[in-house]
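In: model this:
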Amino acid sequence: MVFSGRVGTAYHRTLQSLVTDPPQVATLAEVGPEALRRFEALLAEQTAQADQLPREEYLPRDSSLVHKARTSMVIEAQRSWRSHSTTRLHDMDAEGYCSNSRLPNNPAGWLAEVGAVLVEIPLESPDGLLRGRIDRAERTVRGIRLVDYKAVVREDLPGRYERQLQLYAYLWHAVTGEWPIEAVVIYPFLTVQHAVPIGPEICQQVALDSAEVLATLTLTARMDDLATPGDVCRVCDYRPWCRPFWRSQQATALTEEVRQRAAVGFEAQVVSTHHGDNQLRLVLRWAGTVAQLLLPLSRFPHLATEQPGAHLRVLDTRLSGQLHAPTVSVTDFSEIYIVSGGEA
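Out: This next block holds a predicted model:
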């Protein structure tokens, strides 16, 4: 998990605790410090977990991201505390279920009054086919407003984020009989939010499309046939082991398009190795050409003894130089795997 994901996990869990376990404070000014105390404790847990994982050891940890999360946390905590209805949730546990039942609670009953708020709401379609967990739902004077928080640093709204909210709107209607009137995706670290269209026709079509995907899962004999490699692979942590992804990245000739795709990941064979002062230069055969890979041995000690003929999978690098003789440089997010026996 990248550091923004760790910060986002701590952020989400803090928001949830502010509603399921409201701060016992007397004034609005006391809410912020209590929210930050919870956030810092949860972030420390996430950081400790990251310290134990080799794939996260060298990932950059942007302190400015934590600062943005703290600022947003105070604002959201104060907004939550102002809600006069949050104390009604004392009978609901941290997972959004009534304490006397493990069946999902009908959220409409908890959001009868304007200003009422629910967080981490589990919903399931009547046929049991589709499930979702909504970050936040609010009762406004106009109706239900759905909110999804994304711990990302970007300005655009990917289609997968839109479809997620549209599916949530469909599930809300399926469970409560009420269509939400608004849905937004919020990037709390940037104080940016995007409205998502949730008309009934749109949401019902998203649900149908989702059902078709699920039906395909049961009808497809080979798991590899389900893969659809593309731009979304950039944010998939399973890339090192995904056979369909690596097949899609194969190329017999190096073109500009192939080079652009290779930044996400490419497979190559070691032609020769050259050691320097804590530096290793590998000459690689890839896509019908030869590339130079420069890397620090302190970050990639497992490559120090590799010999010509070794098979590598290289992820998240920067390619420069001439097209017929590119140079590959590592970034803060680069990973290099040795493939043995056909598997990394």
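In: what ranges do the helices span in the chain?
Out: Taking DSSP state H as the test, the helices found in the chain are 3-20, 31-51, 63-82, 107-110, 159-176, 200-219, 243-249, 256-262.
In: excluding its backbone neighbours, what's nearest residue 173?
Out: Counting by Cβ to Cβ, 6 or more residues apart in numbering, residue 173 lies nearest to residue 179, which is 4.9 Å off, once chain neighbours are set aside. Backbone N, C-alpha and C define where each C-beta goes, glycine included.
In: Counting neighbours, what do you get for the one you found?
Out: 15 (other Cβ atoms under 10 Å).
In: from the middle of its chain, how far away would stretch 24-32 be?
Out: Averaging C-alpha coordinates over stretch 24-32 and over its chain gives two centres that are 32 Å apart (Cα atoms, centre = their mean, to the nearest Å).
In: An error on my part: the question was meant for stretch 277-290.
Out: Here stretch 277-290 is found 32 Å from its chain centre; the criterion is Cα atoms, centre = their mean.
In: Dump it to CSV, keeping only the CA atoms.
Out: What follows is stretch 277-290, C-alpha atoms only, in CSV (Å, rounded to 0.1, in the frame of the first residue of the first chain):
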residue,chain,number,x,y,z
ASP,A,277,30.4,2.2,-6.0
ASN,A,278,27.0,1.0,-4.6
GLN,A,279,25.7,1.2,-8.2
LEU,A,280,24.7,-1.6,-10.5
ARG,A,281,24.3,-1.2,-14.3
LEU,A,282,22.4,-3.9,-16.0
VAL,A,283,22.3,-4.3,-19.8
LEU,A,284,18.9,-5.8,-20.6
ARG,A,285,17.4,-7.3,-23.8
TRP,A,286,13.8,-6.2,-24.2
ALA,A,287,11.4,-5.6,-27.1
GLY,A,288,14.0,-6.4,-29.7
THR,A,289,16.5,-3.8,-28.4
VAL,A,290,19.0,-3.3,-25.6
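In: Would you mark the buried spots in it?
Out: 280, 282-284, 286-287, 289-290 (16 or more other Cβ atoms under 10 Å).
In: that older thread, so the residue nearest to residue 173 makes contact with residue 169?
Out: Yes - with contact defined as Cβ atoms under 8 Å, residue 179 reaches residue 169; the gap is 6.9 Å.
In: joint contacts of those two?
Out: Here residue 179 and residue 169 have residue 198 as joint contacts, going by Cβ atoms under 8 Å, 6 or more residues apart in numbering.
In: May I ask you to name the longest strand in this structure?
Out: Looking across the chain with DSSP state E, the single longest strand is strand 325-339.
In: Buried residues in that strand, which are they?
Out: 326, 328, 330, 334-337.
In: same deal with stretch 128-147?
Out: Those would be 130, 132, 134-139, 144-147, for stretch 128-147 by 16+ other Cβ under 10 Å.
In: Could you single out the nearest of the residues you listed to residue 2?
Out: Closest approach to residue 2 among these (Cβ to Cβ): residue 135, at 19.5 Å.
In: The closest one is in contact with residue 117, isn't it?
Out: No - taking Cβ under 8 Å as the definition, residue 135 is not a contact partner of residue 117, at 11.0 Å.
In: Identify the farthest-apart pair in the buried residues of stretch 128-147.
Out: Top of the distance list for the buried residues of stretch 128-147 (Cβ to Cβ): 130 and 139, 23.4 Å.
In: before we move on, back to that, from the buried residues of stretch 277-290, which land in strands?
Out: Using DSSP E, the subset of the buried residues of stretch 277-290 located in strands is 280, 282-284, 286, 289-290.
In: CSV please, covering the residues you listed and showing distance to residue 20.
Out: CSV is the format used below for these (distance: Cβ to Cβ, whole Å):
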residue, distance to residue 20
280, 51
282, 52
283, 57
284, 52
286, 52
289, 57
290, 58
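In: burial count for residue 16?
Out: By the criterion of other Cβ under 10 Å, residue 16 has 17 neighbours.
In: Same question for residue 184.
Out: A total of 16 residues lie near residue 184 under the criterion other Cβ under 10 Å.
In: Would you check how far apart it and residue 78 are?
Out: Distance, residue 184 to residue 78, by Cβ to Cβ, to the nearest Å: 19 Å.
In: and if you look at residue 328?
Out: Residue 328 is 48 Å from residue 78, by Cβ to Cβ.
In: The residue nearest to residue 57 when sequence neighbours are not counted and residue 259: what is the separation?
Out: Excluding its sequence neighbours, the residue lying closest to residue 57 (Cβ to Cβ, 6+ apart) is residue 51, at 7.5 Å. Here residue 51 is placed at a distance of 35 Å from residue 259 (Cβ to Cβ).
In: repeat for residue 220
Out: Residue 220 is 32 Å from residue 259, where distance means Cβ to Cβ.
In: ditto for residue 61
Out: Between residue 61 and residue 259 the computed distance is 30 Å (Cβ to Cβ).
In: Which one's more surrounded, the two?
Out: Each of residue 61 and residue 259 has its neighbours counted (other Cβ under 10 Å); residue 259 has more, 19 against 15.
In: Correct me if wrong: that one contacts residue 323.
Out: Yes - between residue 259 and residue 323 a contact is recorded at 6.7 Å, counting by Cβ under 8 Å.
In: Thanks a lot, see you next time.
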